[in-house]
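1. A predicted structure for the sequence below; I have some questions about it.
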Amino acid sequence: MIKKTIFDEKQMAEKSIFKSCGKFIDFDGEGVKNFVVEKGKGKNIIFINGIAACVYTWRAVLDILSREFHVFGVDFKGTGFSDKPEGEYSINVFTNQLVGLMKYFNMDKAVLVGNSLGGEVALDFAVKYPEKVSKLVLIDSAGYMKNKKMMRILVRLSRYKVISSILKKCITRNFIKKIAQWAVFDDKIVDVKMVDSYYKTMNTKGGFSAFIELVKNLSYTEFNYEQVKNIKSSTLIIWGKEDKWIPVSDAFRLHQDIKNSKLVILNDCGHGPQEEKPEKVAELIRDFINDKLNDGKSGKDIFYN
């Protein structure tokens, strides 16, 4: 049996594209080192990754928006380059870490940008700490009930050690490549660097175990989605029309539930607009923050691009 290489987060960070702007911070006071990318000056924007993703997913958007804003990309504990200790991993844990991050950097408010599971964390934070959210950006956000049945199956499977053991053996570079290609509309954007970024961070000490622990807790019992209707923050919803993971119908439901929201549907785009159309996503976020988001083709609040 071929033994998998276990990669070292600190060494990878030192060789990464973030080596000049990334740092390891214990912002919870628990001795856990979280990897944080900080660039630029201006209004604070925090970018939150999806499940099994890392700050690498925001690389292009961070670079563009750092020219005008103070941007932060964060790998919460158990993900990316951050430490992965044994313990609980959940939406609530990540929300609390977001509180710690803002406190560490003395932020009273920030624009939150979340993709997939990161969008669910942003929603949870906006419900619990509305006074800390200046604006909210949800990109193909996780959460609504149409995905509940599939997630329940994954949650149940993750709780069987034999299933977890089999899955761990399946996580090869080729497996990661296939998952990434499934997520996007144009699979040509899935290159060696993208595959390596996700494969290597999953194969760090505790990486797979932390992932499984998080999946086990995705039971939708932490967050009552009826509370989404109470969100008052100005919100931009960005969605890939061809998202095969989370249906575009969820985008329209979010738009209906969050009264102070605008919805942008991106054509020829899947589950990761920040990877597939980074320039367009950065432009939309910039214009939204600056209150310059122009009307689209089909009405005041729903745009198609």
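-> Structure's in. What do you need? As the structure is a prediction and not an experimental result, all values here were calculated from the model.
2. where do the strands sit along the stretch 51-200 of the chain?
-> 70-75, 110-115, 133-139 (DSSP state E, counting those that start in this stretch).
3. other SSEs contacting the second one?
-> Pointing back at strand 110-115 there. strand 44-48, helix 117-128, strand 133-139, helix 278-289 (3 or more Cβ pairs under 8 Å, 6 or more residues apart in numbering; DSSP states H and E). From N, CA and C alone the C-beta is placed, and that goes for glycine too.
4. what comes up buried for the last one?
-> Going back to what we said before, that points to helix 278-289. Pro278, Lys280, Val281, Ala282, Glu283, Leu284, Ile285, Arg286, Phe288, Ile289 (16 or more other Cβ atoms under 10 Å).
5. The strands of the stretch 51-200 of the chain: which one's closest to Asp28?
-> strand 70-75 (12.0 Å; Cβ to Cβ).
6. centre of the chain versus stretch 209-216, how much separation?
-> How far stretch 209-216 lies from its chain's middle: 16 Å, per Cα atoms, centre = their mean, to the nearest Å.
7. Alpha carbons only: can I get that stretch in CSV?
-> The C-alpha trace of stretch 209-216 is given here as CSV (Å, rounded to 0.1, in the frame of the first residue of the first chain):
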residue,chain,number,x,y,z
SER,A,209,-10.5,14.3,10.1
ALA,A,210,-11.5,17.9,10.4
PHE,A,211,-13.4,17.7,7.1
ILE,A,212,-15.3,14.7,8.3
GLU,A,213,-16.1,16.3,11.6
LEU,A,214,-17.6,19.3,9.8
VAL,A,215,-19.7,17.1,7.5
LYS,A,216,-21.0,15.3,10.6
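8. Could you pull up the residues touching Ile17?
-> If you count contacts by Cβ atoms under 8 Å, 6 or more residues apart in numbering, Ile17 has them with Tyr56, Arg59.
9. quick one: which helix or strand includes it?
-> Using DSSP states H and E, Ile17 is not contained in any helix or strand.
10. any idea how far it is from Cys54?
-> 12 Å (Cβ to Cβ, to the nearest Å).
11. what do those two both touch?
-> Residues touching both Ile17 and Cys54 (Cβ under 8 Å, 6+ apart): there are none.
12. quick one: the residue nearest to Asn305 when sequence neighbours are not counted and Lys84, what's the gap?
-> Among residues not flanking Asn305 along the chain, Leu266 sits closest, at 5.4 Å (Cβ to Cβ, 6 or more residues apart in numbering). As defined by Cβ to Cβ, Leu266 lies at a distance of 33 Å from Lys84.
13. and the nearest residue to Tyr198 once chain neighbours are set aside, how far is that from Asn260?
-> Closest residue in space to Tyr198, ignoring its immediate chain neighbours: Ile176 at 5.2 Å, by Cβ to Cβ, 6+ apart. Here Ile176 is placed at a distance of 38 Å from Asn260 (Cβ to Cβ).
14. Of the two, which one has the most company?
-> Set side by side, Ile176 and Asn260 show more neighbours around Ile176, with 22 against 12, by other Cβ atoms under 10 Å.
15. Isn't that one up against Lys200?
-> No: using Cβ atoms under 8 Å as the test, Ile176 is too far from Lys200 to be in contact (9.6 Å).
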